[in-house]
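Asker: Got a sequence here, can you model it:
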Amino acid sequence: MHWKDKVGEAVVGGLAGLAIVVVFLIAQAILYGATPGDWLAFAGAMIGIGGATGTAIYVADRSRRTARRDDVNLLGGAMHDLDATLAKIARGDAGGPDKAKQKDSIVLLLTQLEFGREVFAHALTTSRIDDVALWRHVRLIEKSIADNAKMIARETAIVSKNEPTDDILRIYREHTKAFANELRPLLRSAIERIDRL
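Answerer: Numbering: from 1, shown residues only. Coordinates of the predicted model:
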């Protein structure tokens, strides 16, 4: 709900309450007579009711926005971490010319990728997404991860269990780079959407 709608509802509610109280006071004044103290009490009550209502609306809205921001920050952080790992994979950061170091670097990157996927999955289960565009982005990311999960598991097993040959490293780079290049634009779109919320 937009802040203008909230202010409008508060004004309408306040005016309706004011109208009821005014009718009651006028009836009281006509039937029993009103003193200046009655009118002062009326003004004080209106200011108190208005302040209490406005404060309650503000606190409720602030709590809702804070909870939403926390959800979005958790999800955004998971996406940033996953994107950073995918950037390393897309660049082919693999430890230089030494094949043993390349293997260690590849296994580390794949471990980071798996960890990033788990953090993303956790963030999804604990976050409430109430923005349709962000929800669409997140579902596309989930689909891409699910579609490539077997390939990532297979590449992790092959690289970590075998001596790295040029063919193994080439195939790893081809598969994981394709995955990174598919997923990174989806992540960046979602991150941009989060930044606009």
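Asker: Go through the helix or strand hosting residue 171 and flag the buried ones.
Answerer: Assigned by DSSP states H and E, residue 171 belongs to helix 166-196. Residues of helix 166-196 classed as buried: 168-169, 172-173, 175-176, 179-180, 183-184, 186-187, 189-191, 193-194 (neighbour count, 16 or more other Cβ atoms under 10 Å). Every residue, glycine included, has its C-beta placed from N, CA and C.
Asker: again with stretch 52-71
Answerer: 68, 71.
Asker: what's stretch 65-74 in contact with?
Answerer: 123, 126-130, 134, 194, 197 (Cβ atoms under 8 Å, 6 or more residues apart in numbering).
Asker: which of those count as buried?
Answerer: Using 16+ other Cβ under 10 Å, the buried members of those are 123, 127, 129, 134, 194.
Asker: Now, these that are in helices?
Answerer: Taking DSSP state H as the definition of helices, the buried ones among the contacts of stretch 65-74 contribute 123, 134, 194.
Asker: Show me the helices in this structure, by range?
Answerer: Using DSSP H, helices in the chain cover 3-32, 36-91, 99-126, 132-161, 166-196.
Asker: Now for this protein, the helix or strand with the poorest mean pLDDT.
Answerer: Within the chain, no helix or strand scores below helix 3-32, which has a mean of 76 by mean pLDDT, DSSP states H and E.
Asker: Nothing else from me, thank you.
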